[in-house]
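# Quick one, what's the 3D model for this:
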Amino acid sequence: NHMKRWWFALGGTPAYLFVVQIVTGILLAFYYQPAATTAYESVEYITNHATFGWYLRSMHKWAATLMIAAVILHQIRVYFTSAYRRPRELNWVIGMALLCCTLLTGFTGYSLVFEQLSYWGATVAANISDAVPIIGSLAKQMLLGGESYNERTLSRFYILHAAVLPTTIVVLVAIHIAFIRMHGVTELKFEGEDPKKPQHFNFFPDHMLTELMIGLVLMILLSALATILPATMGPRANPLVTPEVIKPEWFFYVSFRWLKLFSLSFAVLSTGFIVAAMFLWPWIDAVLRRITGKEDISIYIGIIATFLLVGLTVWEAAVAH
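This is a model prediction of the structure:
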């Protein structure tokens with residue numbers, strides 16, 4: 001049955017990693033001091049002096065990376081199995097909101113270290129949001145707590161990262177799961193399956209065991225990554241020295257490359273347009289199917305979009321930094 005396939009348990013993966021994030025995040029918060037004068041030193045203390053601090057910080061960093069990757073993969077799976085069609089349109093919108101919250105949590109967390117790259121990454125992001133029509137300058141001031149990065153900025157990022165966004169994610173996940181329980185999971189027929197066999201799949205013990213196996217594999221994988229490739233410290237943020245190459249975290253490579261290819265206002269507007277289209281995709285898909293008469297028109301668009309996403313990410317990653 002398809003629920004036995006890992007591909008279909010991808011929603012549980014980020015949920016599992018999110019729990020890891022909360023636990024490691026609370027432990028890191030005991031030592032972290034969110035102020036421009038103390039942030040870098042406190043992260044340095046966690047990394048180099050606190051007992052197992054390096055391990056917890058590395059776990060937190062790797063779980064974040066895997067969580068973002070899992071949310072993106074889950075979104076791709078839902079898209080390509082057309083699981084956003086009636087009656088699941090609203091749940092797709094909630095999933096999109098979860099994706100945005102996850103990316104924002106990654107961004108704010110990255111900025112908390114107060115390294116050169118995270119400082120300038122945040123500065124660039126604020127300047128980009130400034131280019132958004134109407135709400136841009138307000139968004140920038142809300143984010144930074146002023147016109148530019150100042151002593152109040154870091155505590156804002158910290159509150160967003162440790163309180164506002166996680167709470168939002170918890171609420172959205174609860175609604176998301178409620179919808180799934182209400183609508184059930186999209187049924188897909190695989191070749192070689194007996195059509196007469198009931199396609200039912202019990203949550204307990206079957207789905208639970210799949211998730212448990214994934215959980216155990218993830219713990220081993222996370223531990224290995226945290227030990228072999230631990231989180232390091234870059235140079236301390238220096239507002240007076242702009243680095244040669246400003247590089248965001250990998251999950252923003254796409255937007256960064258997009259910004260380099262076009263003018264700022266076009267890049268910002270087109271990104272906004274693409275994100276809005278993704279939120280409204282269940283309805284756009286219905287219109288496209290009506291116009292073209294092709295049931296799987298969205299699949300072709302999705303293939304092109306996926307190639308573009310991967311292509312731009314690899315391109316940005318390949319640039320010397």
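
# buried residues in the longest helix along the chain?
If you go by DSSP state H, the chain has its longest helix at helix 53-80. For helix 53-80, the neighbour count (16 or more other C-beta atoms under 10 Å) marks 53-72, 74-76, 78-79 as buried. Every C-beta, even on glycine, is put in place using the N, C-alpha and C of the backbone.

# list the helices and strands it packs on?
helix 12-29, helix 39-48, helix 89-111, helix 208-228, helix 297-318 (3 or more C-beta pairs under 8 Å, 6 or more residues apart in numbering; DSSP states H and E).

# distance between that helix and the chain's centre?
Centroid separation between helix 53-80 and its chain, computed with C-alpha atoms, centre = their mean, to the nearest Å, is 7 Å.

# now stretch 100-108
Its chain's C-alpha centre and that of stretch 100-108 lie 6 Å apart, by C-alpha atoms, centre = their mean.

# Output it as CSV - backbone C-alpha positions only.
This file holds the C-alpha atoms of stretch 100-108, laid out as CSV (Å, rounded to 0.1, in the frame of the first residue of the first chain):
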residue,chain,number,x,y,z
CYS,A,100,6.9,30.0,4.4
CYS,A,101,7.0,29.7,8.2
THR,A,102,9.7,27.1,8.0
LEU,A,103,11.9,29.2,5.6
LEU,A,104,11.4,32.2,7.8
THR,A,105,12.4,30.2,10.9
GLY,A,106,15.5,29.1,9.0
PHE,A,107,16.3,32.6,8.0
THR,A,108,15.9,34.1,11.5
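
# Which residues does that stretch contact?
14, 64, 67-68, 71, 121-122, 125, 157-158, 160-161, 165-166, 168-169, 172, 248-249, 251-252, 275 (C-beta atoms under 8 Å, 6 or more residues apart in numbering).

# Quick check: next helix or strand after the helix or strand harbouring residue 267?
Residue 267 is part of helix 264-279 when elements are defined by DSSP states H and E. Sequence-wise, the next helix or strand downstream of helix 264-279 (DSSP H and E) is helix 281-292.

# If you count neighbours, what's buried in that next one?
281, 282, 285, 289.

# got a list of what the last one touches?
The one in question is residue 289. 295, 297, 298.

# Compare those residues and tell me which is most surrounded.
residue 298 (22 neighbours; other C-beta atoms under 10 Å).

# so it sits right up against residue 85, yeah?
No: the criterion here is C-beta atoms under 8 Å, and residue 298 misses it with residue 85 at 9.3 Å.

# Show me the common contact partners of these two, please.
Common neighbours of residue 298 and residue 85 (C-beta under 8 Å, 6+ apart) are residue 285.

# just to revisit the earlier point, between the contacts of residue 289, which is closest to residue 222?
Using C-beta to C-beta, residue 298 is the member of the contacts of residue 289 that lies nearest residue 222, at 33.9 Å.

# Excluding covalently adjacent residues, which one is nearest to the closest one?
In this structure, residue 298 finds its nearest non-sequential neighbour in residue 285, 4.8 Å apart by C-beta to C-beta, 6 or more residues apart in numbering.

# Verify the stated contact: that neighbour with residue 85.
Yes: taking C-beta under 8 Å as the definition, residue 285 is a contact partner of residue 85 at 6.9 Å.

# Can you check what angle separates the longest helix of the chain from helix 297-318?
Angle of helix 53-80 versus helix 297-318, following axes from the mean of the first three to the mean of the last three C-alpha atoms, to 10 degrees, is 150 degrees.

# sorry, back to before: distance of the residue nearest to residue 298 relative to residue 309?
18 Å (C-beta to C-beta, to the nearest Å).

# what pLDDT, on average, does stretch 78-93 get?
For stretch 78-93, mean pLDDT is 94.

# now do stretch 158-168
Rounded mean pLDDT across stretch 158-168 is 97.

# hang on, residue 297 packs against residue 287?
No: judged on C-beta under 8 Å, residue 297 makes no contact with residue 287 at a distance of 10.1 Å.

# Can you lay out the helices and strands packed on helix 53-80 as JSON lines showing distance to residue 239?
Written out in JSON lines, the entries for those read as follows (distance: least, C-beta to C-beta, whole Å):
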{"stretch": "helix 12-29", "distance to residue 239": "25"}
{"stretch": "helix 39-48", "distance to residue 239": "13"}
{"stretch": "helix 89-111", "distance to residue 239": "14"}
{"stretch": "helix 208-228", "distance to residue 239": "31"}
{"stretch": "helix 297-318", "distance to residue 239": "25"}
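
# closest one to residue 240 among these?
helix 39-48 (15.3 Å).

# which residues sit in contact with residue 214?
Contacts of residue 214 by C-beta under 8 Å, 6+ apart are 6, 9, 12, 13, 16.

# with those residues in mind, which one is nearest to residue 207?
Nearest member of the contacts of residue 214 to residue 207, counting by C-beta to C-beta, is residue 9, at 7.3 Å.

# how near is that closest one to residue 303?
24 Å.

# For residue 78, give its distance to residue 182.
Counting by C-beta to C-beta - residue 78 and residue 182 are separated by 16 Å.
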